[in-house]
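Participant: Give me the fold of what follows.
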Amino acid sequence: MLNSKKVSRFHALITCDHQQLSIADRSANGTFVQKRQLHQASIPLNNQDNIRLGPYKITITLMSDCDAKDTEINTSLTTSSLSSASAFWQQPWVTVTMGTILVLLMGSGAWVLASNLLEKYRPQAPQTPSPTSQNPPVRKI
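Facilitator: Predicted coordinates for the structure are as follows:
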């Protein structure tokens with residue numbers, strides 16, 4: 001999306017027909033190709049053509065399928081080695097083992113949390129003050 005009030009929401013349409021790129025103007029302000037204004041028209045695009053949409057300038061660079069500057073594909077990592085590594089994690093026993101370990105860890109954590117909360121909020125018996133002497137006072141009749 002080009003952020004400018006001079007660029008329409010659907011400013012231009014670039015299409016490819018029989019390996020030929022074309023641009024069609026759909027804007028109110030016009031589209032410029034090689035400093036020529038298209039107004040509701042369509043023309044073919046060539047390599048290094050300059051397009052102007054509002055304040056934006058775009059240069060067209062056409063590339064062939066076998067460009068010399070293409071990124072070289074690394075063939076050392078084949079799909080078979082990648083698929084064998086990922087196949088380990090898709091084994092049912094691995095899934096069951098990992099699930100069991102996860103459930104045990106969650107259960108242990110819940111037990112520790114519940115034990116601590118119960119201990120913290122357990123009601124305490126009131127403490128009575130101890131008598132100053134061991135023997136109760138004696139009354140005479």
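
Participant: Please make it C-alpha for all contacts and neighbour counts, starting now.
Facilitator: Will do.

Participant: Just confirm residue 30 contacts residue 42, I think it does.
Facilitator: No. Using Cα atoms under 8 Å, residue 30 is not in contact with residue 42; the gap is 11.3 Å.

Participant: Looking at the two, which is more packed in?
Facilitator: Taking neighbours as other Cα atoms under 10 Å, residue 30 and residue 42 compare with residue 30 leading, 22 against 16.

Participant: Skip the chain neighbours and tell me the closest residue to residue 29.
Facilitator: Counting by Cα to Cα, 6 or more residues apart in numbering, residue 29 lies nearest to residue 6, which is 7.0 Å off, once chain neighbours are set aside.

Participant: what about the strands in the protein?
Facilitator: Here the chain has its strands, by DSSP state E, at 12-17, 20-25, 31-33, 36-38, 42-44, 50-53, 56-59.

Participant: can you redo those as CSV with distance to residue 89 and mean pLDDT?
Facilitator: Listed next are the strands of the chain as CSV, based on distance: least, Cα to Cα, whole Å; pLDDT from 0 to 100:
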stretch, distance to residue 89, mean pLDDT
strand 12-17, 43, 86
strand 20-25, 46, 88
strand 31-33, 54, 89
strand 36-38, 57, 87
strand 42-44, 51, 88
strand 50-53, 50, 88
strand 56-59, 47, 89
